[in-house]
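Student: pasted the sequence and its predicted model underneath.
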Amino acid sequence: MSWMECNKMDEKLKFIARYLEGEKIAPLCREFGVSRTTGHKLIERYKMMGQMALVEQKRTPHRYANKLPIAVEALILDLKREYPNWGAPKIREKIIKKYPDVRPPARSTVHAVLDRNGLVKHRQGRKRFKASGTTLTHVTLPNQLWCADYKGEFMLGNKQYCYPLTITDYATRYLLTCEALASTKEEFAFEIFERAFKEFGLPDSIRTDNGVPFASAQAFYNLSKLSVWWMRHGINVERIRPGHPEENGRHERMHLTLKLETTRPPRDNLIGQQESFDKFIDEFNTERPHEGIGNKYPSEIYKPSARAFKPLEPLHYPLHDKTVLVSQCGRICDRGLKVSLSRAFAGQEVGIKEMEDGIWVVSFLNYDLGYFDDQSKRVEPVEDPFGLLKV
């Protein structure tokens with residue numbers, strides 16, 4: 001059996017599916033009649049391009065456009081060592097006077113550099129929370145981890161594109177939902193996740209890739225409104241590394257089966273396609289044995305979460321000077337103060353606290369996001385507090 005003897009796409013999907021199940025490449029290549037070089041190339045293409053392996057999507061970790069040059073950061077640290085009792089305002093003024101050709105950084109930027117390097121003396125009683133970094137967890141109980149993704153878009157009979165949003169339970173393989181959507185817009189994703197939370201309760205964590213609407217490449221810490229909403233409900237965010245779909249292998253394996261059984265051929269419209277998806281969900285959960293769970297049905301071992309979905313209560317920051325609601329345009333506005341934060345936090349309460357004269361820290365939940373000063377009017381990020389950029 002080789003790629004030329006039968007349907008190429010189906011054979012490639014089967015090859016990838018068995019690789020994701022953990023089979024070795026060498027015996028797979030022998031069985032499918034391809035060289036090991038071809039097999040490795042197919043795996044690499046799949047990692048780079050996704051399931052369809054048709055359109056390459058460049059997905060690189062986001063880097064902030066306002067990242068400080070290394071030489072200027074080193075200068076800040078040198079001055080702090082020379083004048084250990086100076087704060088960010090004095091260090092900035094020293095740079096302006098001593099190095100007039102250097103473009104001076106904002107005071108909040110200087111403060112962020114000092115803080116990253118452990119050179120800021122925090123006021124007594126201020127409790128700091130820093131995430132050590134997001135790792136991909138392996139769990140064994142229902143609802144400890146959900147996996148979510150969009151199966152690659154495809155064209156329906158009426159020439160409209162379908163974007164299936166799928167959610168599975170990692171431990172039990174239970175397919176929570178598969179929704180035929182007309183786009184990947186975040187408002188549709190909000191609706192689907194809210195429906196899933198109401199029906200199945202809240203998971204401890206959700207694992208996704210770095211694509212929209214789960215993440216935003218140009219946003220603060222790559223956060224999106226959807227991921228911030230998850231965090232507000234006490235859900236941890238996990239992300240796989242760009243170009244490594246095998247890190248969500250169980251979910252990807254389900255996608256390959258879903259594609260083979262529900263989109264060949266595609267239905268005439270979204271309603272018809274949803275009917276096909278609903279039939280697949282029922283079969284996948286209640287009739288199909290899964291080897292990874294001892295050939296049981298997912299419905300035999302999955303149970304809804306004990307954490308019920310509830311309306312969010314307003315946040316309060318008693319250890320901060322103020323609690324401020326972020327505007328819909330992503331700004332912190334208070335008595336003439338207008339500081340740009342991120343639209344990902346629109347509608348969320350954040351805490352602000354003056355750390356030293358004219359320099360403020362902005363916090364969300366138990367995390368310090370960054371600093372701003374009275375002049376720059378924008379938040380300078382600290383080292384990623386959520387561990388979301390360490391991929």
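Tutor: Received, thanks.
Student: name the SS class of residue 325, please.
Tutor: With DSSP: H, G, I helix; E, B strand; the rest coil as the basis, residue 325 sits in strand.
Student: should've said residue 105
Tutor: Secondary structure, three-state DSSP: residue 105 is coil.
Student: distance of it relative to residue 141?
Tutor: From residue 105 across to residue 141, the span is 48 Å (Cβ to Cβ, to the nearest Å). Any C-beta I mention is one placed from the backbone N, CA and C, and that applies to glycine too.
Student: give me the mean pLDDT for stretch 260-271.
Tutor: Averaged over stretch 260-271, pLDDT sits at 92.
Student: contact partners of that stretch?
Tutor: The set of residues external to stretch 260-271 that reach it, using Cβ atoms under 8 Å, 6 or more residues apart in numbering, is 10, 13, 154-158, 160, 162, 180-182, 273, 275-277, 280.
Student: residue ranges for the strands of the stretch 51-200 of the chain, please.
Tutor: Ranges of strands within the stretch 51-200 of the chain are 146-150, 154-155, 161-169, 175-181, based on DSSP state E, counting those that start in this stretch.
Student: of all the ones you listed, which lies closest to residue 209?
Tutor: Closest to residue 209 of those is strand 146-150 (Cβ to Cβ; 6.3 Å).
Student: same for that closest one, what does it pack against?
Tutor: Packing partners of strand 146-150 (3 or more Cβ pairs under 8 Å, 6 or more residues apart in numbering; DSSP states H and E): strand 161-169, strand 205-208, helix 249-262.
Student: ok, it: who's next to it in the sheet?
Tutor: Looking at strand 146-150 with DSSP bridges, its partner strands are strand 161-169 (antiparallel), strand 205-208 (parallel).
Student: residue 234 falls within a helix, correct?
Tutor: No - under three-state DSSP, residue 234 falls outside any helix and is assigned coil.
Student: quick one, grab the pLDDT at it.
Tutor: Residue 234 is assigned a pLDDT of 94 by the prediction.
Student: give me the more crowded residue out of residue 105 and residue 141.
Tutor: Between residue 105 and residue 141, counting by other Cβ atoms under 10 Å, residue 105 is the more crowded of the two (24 against 13).
Student: surely the more buried one and residue 92 touch.
Tutor: Yes - taking Cβ atoms under 8 Å as the definition, residue 105 is a contact partner of residue 92 at 6.8 Å.
Student: any stretches of the stretch 101-250 of the chain with poor pLDDT?
Tutor: Applying pLDDT under 70 to the stretch 101-250 of the chain flags the ranges 121-134.
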